[in-house]
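>>> mind folding the following:
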Amino acid sequence: VAKAHSQARLEARRRRSRPVADALHQWMGQQRQKIPDGSATARAIDYSLKRWVALTRYLDDGNLPIDNNWVENRIRPIALGRQNWLFAGSLRAGKRAAAVMSLIHSAKLNGHDPYAYIRDVLERLPTQPASRIGELLPHRWQAIDSA
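Numbers count the residues shown, from 1 in each chain. Below you'll find the model as predicted:
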C-alpha cells in the first residue's frame, strides 16, 4: 500500500509539480539577469538557484515529503528548551541543563522512554569504558535485558 501511494504521489508530482518547478526555475533565471548583484533579491534568487537540485529532489522520489515540517515540529521543543535552559542560574548550569534536555528529547525522538533511558545511562556510566561511551547516545542505545 505504501509503495502504491508513493508511486501515485511521484506520478502526480511529475505531471503537475514538475512543470511548475521548471517554469519557476526558468523565471528565476530570467529575473536574476535583471537584478543588480549584491541586492537582497539577487542573494535570495542565487540562494535558491544554487540549491535547486536539493530543493526539487522531492519531485523525483514519491517517498520524500515536499517540506521538512515534520522534522521542524519534532525538534522545536529541543531548540526552545536549549535556549530557555541557558537562564538556569548560571551559564555553566544552563549548558548542563541544555545537554540533559537534548538527551531527553533525543531519546524521545528515537522511540525510547526518557526515564528508562536516563536511568540506564546513569547506572552504566561508572563502568562504561570511555572508548565505548558513544553506545550510550540515544540513537545507538540498547537497553540491557534484565530478565
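>>> rest of the way, CA atoms for contacts and neighbours
Fine.
>>> beyond the longest helix seen in the chain, next helix or strand please.
Ranked by residue count and defined by DSSP state H, the top helix of the chain is helix 91-109. Next along the chain after helix 91-109, taking DSSP states H and E as the criterion, comes helix 114-124.
>>> so which elements touch that following helix?
The helices and strands touching helix 114-124, judged by 3 or more C-alpha pairs under 8 Å, 6 or more residues apart in numbering; DSSP states H and E, are helix 91-109.
>>> run the chain-centre distance for the helix it packs on.
In terms of C-alpha atoms, centre = their mean, to the nearest Å, the centre of helix 91-109 is set 17 Å apart from its chain centre.
>>> give the buried residues for it.
Within helix 91-109, the residues that count as buried by 16 or more other C-alpha atoms under 10 Å are 94-98, 101-109.
>>> residues making contact with the lowest-mean-pLDDT helix or strand in the chain?
Within the chain, no helix or strand scores below helix 69-84, which has a mean of 78 by mean pLDDT, DSSP states H and E. Helix 69-84 has contacts (C-alpha atoms under 8 Å, 6 or more residues apart in numbering) with 97-99, 101-102, 105, 109.
>>> that older thread, same list (the buried residues of helix 91-109) but as a markdown table, adding distance to D120 and pLDDT.
Shown next, in a markdown table, are these (distance: C-alpha to C-alpha, whole Å; pLDDT from 0 to 100):
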| residue | distance to D120 | pLDDT |
| --- | --- | --- |
| G94 | 23 | 77 |
| K95 | 22 | 81 |
| R96 | 19 | 83 |
| A97 | 19 | 80 |
| A98 | 20 | 78 |
| M101 | 16 | 83 |
| S102 | 17 | 85 |
| L103 | 13 | 89 |
| I104 | 13 | 89 |
| H105 | 16 | 86 |
| S106 | 15 | 90 |
| A107 | 12 | 93 |
| K108 | 15 | 91 |
| L109 | 17 | 88 |
